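*Asks:* Dropping a prediction and its sequence here:
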Amino acid sequence: MDFDVIIPTYKVFPEFITRCLDSVAKQTVETWHCWIADGTPKDHESYGPMMEAMAPFLDSEKFTYLRQSGKGVSQARNEAVSKGSAPYLATLDGDDLWYPEHLEWVVEAIELSKDTPVALWWAGADAEIFLSSFKTQETFSTDGVIGWFEQFPKTLPRDTHYFLRGSAVIPSNTVVIRNRFEEVGGYDETLQIGEDTDLYLRMTGDPGVSGYENTYWGYQIDAISGFHGCGEWQTTQCGVMSSVADNRNFDETMAELQRQAQIGLDSLRPVLMEDKPSDVSEEYWNFIVKLVVQKYQSELMVTLGGDV
């Protein structure tokens, strides 16, 4: 079972890219090739140290460095995907890492679900998150497990699309099937935030639009298979330090990010009770409605400008 490992990089601290690539190299499954799509400006102070950190890995034929031809994380991932041919695509951000068994657990999950229309598999991640308020400059921190959901087993597999409207999986711990990825056109290159959720929603397909017979499922792996960090050290700092900011001042950057966030918000439109299929109970459908509405309301608060 072959994987193309897709790693976009942009101004990544050398110690982070080292631990990221090392975590790929130490996978217990060896049937993978890693594509690193780098958009770091060559005149940026991080470029030299980052390239030095990558050098030992690039000596191996299992790692390929690509100089990104465009801009943004979506374009970087699409370009890297186009270079490979493996049937499964495993994404990993340059400042995250996998535990050694990550791909092994994915292989087991793929085997268990091989007779079903599954398009993506995900596991949870240990996380350390620091957030700063743009208004007050206060810093908030938390740690724990993210991207693994106790409520997922309560949903029917055919309702994965609705579940993903209400719960965000972690792209660094998610694997998708290539043929469905290519069928929907890959990542939307106009987006640099929410691009992962947008992709997963298109891959699973909206039952309310295309019918359940044309939807694909998700599979949650019962494991915590990596580490995700978010804070001042993070490469893009929620988009503020990404290429969205090129040739824009802070206010213009925030306006563009808010525009992109609105696109994501539109895709999370609430599910209504009157959308209930005839073969499920009102209790079950009420659970689905609440799941999506809660996510929609939280995203609405952020998009319209919350305190944090």
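*Replies:* Thanks, I have it.
*Asks:* in the stretch 51-200 of the chain, what spans have low per-residue confidence?
*Replies:* Within the stretch 51-200 of the chain, the segments meeting pLDDT under 70 span 130-142.
*Asks:* Could I get the full set of helices for it?
*Replies:* For the stretch 51-200 of the chain, applying DSSP state H, counting those that start in this stretch gives helices covering 73-83, 102-112, 160-166, 178-183, 195-204.
*Asks:* Using a markdown table, lay out these together with distance to G211.
*Replies:* The way it works is simple: take the backbone N, C-alpha and C, and place the C-beta from them, glycine included. What follows is the helices of the stretch 51-200 of the chain, written out as a markdown table (distance: least, CB to CB, whole Å):
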| stretch | distance to G211 |
| --- | --- |
| helix 73-83 | 28 |
| helix 102-112 | 26 |
| helix 160-166 | 12 |
| helix 178-183 | 17 |
| helix 195-204 | 13 |
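*Asks:* what would those helices look like in TSV with mean neighbour count?
*Replies:* Formatted as TSV, these follow (neighbours: other CB atoms under 10 Å):
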stretch	mean neighbour count
helix 73-83	22
helix 102-112	19
helix 160-166	25
helix 178-183	15
helix 195-204	23
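*Asks:* Relative to V293, which of the ones you listed is closest?
*Replies:* Comparing those against V293 with CB to CB, the closest turns out to be helix 160-166 (8.0 Å).
*Asks:* same for that closest one, what does it pack against?
*Replies:* In terms of contacts (3 or more CB pairs under 8 Å, 6 or more residues apart in numbering; DSSP states H and E), helix 160-166 is packed against helix 195-204, strand 217-230, helix 282-304.
*Asks:* List the contacts of the most far-flung residue of the chain relative to its centre.
*Replies:* Within the chain, S278 marks the point farthest from the mean C-alpha position, 32.9 Å out by CA atoms, centre = their mean. For S278, the contact set (CB atoms under 8 Å, 6 or more residues apart in numbering) is empty.
*Asks:* Which of the three states applies to it?
*Replies:* Put simply, S278 is coil when judged by DSSP: H, G, I helix; E, B strand; the rest coil.
*Asks:* Quick check: it vs K154, distance?
*Replies:* Going from S278 to K154 by CB to CB, to the nearest Å gives 20 Å.
*Asks:* repeat for D96
*Replies:* D96 sits 28 Å away from K154, going by CB to CB.
*Asks:* of those two, who's got more company?
*Replies:* D96 (24 against 13; other CB atoms under 10 Å).
*Asks:* do you know how far the more buried one is from V12?
*Replies:* Applying CB to CB to D96 and V12 gives a distance of 10 Å.
*Asks:* Touching both of those two, which residues are there?
*Replies:* Common contacts of D96 and V12 (CB under 8 Å, 6+ apart): C20.
*Asks:* got a list of what L97 touches?
*Replies:* 19-20, 22-23, 226-227.
*Asks:* Throw those residues into JSON lines and include neighbour count, pLDDT and distance to V175, thanks.
*Replies:* Output for those, formatted as JSON lines (neighbours: other CB atoms under 10 Å; pLDDT from 0 to 100; distance: CB to CB, whole Å):
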{"residue": "R19", "neighbour count": "16", "pLDDT": "96", "distance to V175": "20"}
{"residue": "C20", "neighbour count": "28", "pLDDT": "96", "distance to V175": "16"}
{"residue": "D22", "neighbour count": "14", "pLDDT": "98", "distance to V175": "20"}
{"residue": "S23", "neighbour count": "18", "pLDDT": "98", "distance to V175": "15"}
{"residue": "G226", "neighbour count": "23", "pLDDT": "96", "distance to V175": "12"}
{"residue": "F227", "neighbour count": "19", "pLDDT": "93", "distance to V175": "17"}
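*Asks:* Going by distance to D59, which of these wins?
*Replies:* Out of the contacts of L97, the member with the shortest distance to D59 (by CB to CB) is D22, at 13.5 Å.
*Asks:* a strand runs through that closest one, doesn't it?
*Replies:* No: using three-state DSSP, the assignment for D22 is helix, not a strand.
*Asks:* OK, contacts around it?
*Replies:* 57, 97.
*Asks:* Nearest spatial neighbour of the residue positioned nearest the centre of the chain, chain-adjacent residues omitted?
*Replies:* For the chain, the residue nearest the mean C-alpha position is P171 (2.3 Å; CA atoms, centre = their mean). Nearest residue to P171 in three dimensions, chain neighbours excluded: D196, at 4.1 Å (CB to CB, 6 or more residues apart in numbering).
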